[in-house]
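Visitor: Pasting the sequence and the predicted model now:
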Amino acid sequence: MGERAQEREHIEHGIAPVFDGRSEVLVLGTMPSPASREAAFFYGHPQNRFWRVLAALFDEPAPVTNGERTDLLLRHHIALWDVLASCDIRGASDASIANARPNDLGRILSAAPIRRVFCTGATSARLYGKLCEPATGLAAVKLPSTSPANAAWSLPRLVEAYRPLAAELSLFEPPVLDVPAVVDLEAAIAAAGTGLDELMERAGRFLAYEVRKVLEARVMDGVETVAVRPADDLQTGPRRSPAGVPTVIFCGNGNNGGDGWVAARYLDAWGFPVCLITATDASDLVAEPARTAALRAQASLGPASRVLLSPSDAEVAAALRGAPVAVDALLGTGFAHRTVRAPFDRWIAAINEARRQGVFVLAADVPSGLSAQTGESAATTVQADATLTMIVPKPGLFAPAGAAVCGFVRTAPLAYIEPFLKGARTHL
Ligand SMILES: NC(=O)C1=CN([C@@H]2O[C@H](COP(=O)(O)OP(=O)(O)OC[C@H]3O[C@@H](n4cnc5c(N)ncnc54)[C@H](OP(=O)(O)O)[C@@H]3O)[C@@H](O)[C@H]2O)[C@H](O)CC1
Ligand SMILES: [K+]
């Protein structure tokens, strides 16, 4: 045995595949890298672009935790594993692989309606063809490697190359659910391991991601004068911010406000300053997990961002003057009244006036003042350019008054909900 061969280490895979009975494509790498084995999950090296590519394909923020990564795969009906069960390998060097033993892919193929197999790189495609294809009878599509070693492939180029994978997947349309059914759904998601605090973290990140898209588009359109780096990807920061007025985020006292606090934390961390407006200091909030989220955000905001506690109407108007975006996180599914109390009624009027002056208004979950359930609208209701509704759409968004104030509606897929929908009270 030569000296180089002696450096090889025998590796057993050890990470369970991700799949279920809804998986439609199977994505295979070669073998987990040392960084992935340490993270106990696939593509764990922080510079590996696999997760950023998938997130960009589906226009969503990159998943951060292994739980979010698993959710993303299952939500999109993707099974993920590797070609090899064990091998001798030097570090992460595919070229050094010897004594390769394949995984038993029959485990996935017998349980899921897999239509297509994709290999993430030349080595996995070669080993799949040699060791697995004779048994599976399915030819694999070779995709470029997302490893940092494959530097010739930029992120946008990788995303284009991965589009055939997305094209194989059937789209899941979340059903419209009554607000009580949404609460039941949240309880089911929590019982399966993803608590309300984690859902709020995902909701706020998604909100920040949508704001960031608007900010980036303004730069592309030449509305913002100071250039940011070319939009390589929308997933990571920090990045130099467009100069000028911060994004204004209005936060109420409930968990809708919590979504706004989390969004503020992400935008600030990504290099986009915010001005957060609240009637209640973070430490005086009562609703959880909003309070915990607000305290964390308040502690982490950098010097370019600020929190305005109970500002005067003049201060609110000044914050909105020339702002690129206003986020309405005042009232969500917890609101179902005819009138909105002060100061939120005045803030809603200020948001609507700012929109008339060209500020883009993004509503969190539902425009404040609109009943998410009945679609009845209070005298003062936010008029949004877009509404990012959380997990599933609610009926009020599509009632005549609701449709008139929501703008473009997008659902933030915060969790893998298909397993919980059987028996859910779908709104008719
Ligand atoms: N569905 C999900 O998956 C997720 C939802 N999240 C977000 O949480 C909100 C729902 O949060 P909740 O705390 O239940 O309710 P709201 O924040 O919408 O509203 C409660 C606050 O509203 C105040 N309120 C009530 N009536 C009025 C009124 N007439 N005028 C002014 N203010 C009013 C209320 O104040 P009180 O003093 O009456 O208690 C509360 O402060 C949901 O919409 C999502 O955005 C999570 O992010 C997790 C995922
Ligand atoms: K709202």
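Guide: Received, thanks. Computed from a predicted structure; not experimentally measured. Numbering: from 1, shown residues only. Ligands and ions are numbered 1, 2, ... in the order given.
Visitor: burial measure for A217, as a count.
Guide: Using other C-beta atoms under 10 Å, A217 has 14 neighbouring residues. C-beta here means a position set from N, CA and C on the backbone, and glycine is covered the same way.
Visitor: Which strands and helices lie in contact with the helix or strand where it lies?
Guide: Take DSSP states H and E as the rule and A217 turns out to sit in helix 196-220. Where contact means 3 or more C-beta pairs under 8 Å, 6 or more residues apart in numbering; DSSP states H and E, helix 196-220 is packed against helix 179-191, helix 255-269, helix 290-300, strand 325-329, strand 360-364, strand 386-390, strand 408-412.
Visitor: what about 7 Å?
Guide: Counting contacts by 3 or more C-beta pairs under 7 Å, 6 or more residues apart in numbering; DSSP states H and E, helix 196-220 is packed against helix 179-191, helix 255-269, helix 290-300, strand 325-329, strand 360-364, strand 386-390.
Visitor: can you list the ones you listed in JSON lines and add mean pLDDT, distance to ligand 2 and mean neighbour count?
Guide: Formatted as JSON lines, the helices and strands packed on helix 196-220 follow (pLDDT from 0 to 100; distance: least, C-beta to the ion, whole Å; neighbours: other C-beta atoms under 10 Å):
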{"stretch": "helix 179-191", "mean pLDDT": "96", "distance to ligand 2": "14", "mean neighbour count": "16"}
{"stretch": "helix 255-269", "mean pLDDT": "97", "distance to ligand 2": "5", "mean neighbour count": "28"}
{"stretch": "helix 290-300", "mean pLDDT": "98", "distance to ligand 2": "13", "mean neighbour count": "20"}
{"stretch": "strand 325-329", "mean pLDDT": "98", "distance to ligand 2": "5", "mean neighbour count": "29"}
{"stretch": "strand 360-364", "mean pLDDT": "98", "distance to ligand 2": "5", "mean neighbour count": "28"}
{"stretch": "strand 386-390", "mean pLDDT": "98", "distance to ligand 2": "8", "mean neighbour count": "24"}
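Visitor: Give me the next element, helix or strand, following the helix holding A217.
Guide: strand 247-251.
Visitor: Starting from that following strand, tell me which strands it pairs with and how they run.
Guide: Applying DSSP bridges to the sheet, strand 247-251 is found paired with strand 274-278 (parallel), strand 325-329 (parallel).
Visitor: what about the residue in the stretch 101-250 of the chain that ligand 2 sits nearest to, neighbour count?
Guide: Relative to ligand 2, the nearest point of the stretch 101-250 of the chain is F250 (8.3 Å; C-beta to the ion). Applying other C-beta under 10 Å, we find 31 other residues in the vicinity of F250.
Visitor: Was I right to think it contacts V325?
Guide: No. Taking contacts as C-beta atoms under 7 Å, F250 lies outside contact range of V325: 11.3 Å.
Visitor: still on that earlier bit, list the buried residues of the helix holding A217.
Guide: 196-212, 215-216, 218-219 (16 or more other C-beta atoms under 10 Å).
Visitor: With ligand 1 in mind, check whether that helix reaches it.
Guide: Yes. Using C-beta under 6 Å from any ligand atom, helix 196-220 reaches ligand 1 at L196, L199, M200, A203.
Visitor: The residues you listed into JSON lines, with extra columns for pLDDT?
Guide: Shown next, in JSON lines, are the residues of helix 196-220 next to ligand 1 (pLDDT from 0 to 100):
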{"residue": "L196", "pLDDT": "97"}
{"residue": "L199", "pLDDT": "98"}
{"residue": "M200", "pLDDT": "98"}
{"residue": "A203", "pLDDT": "98"}
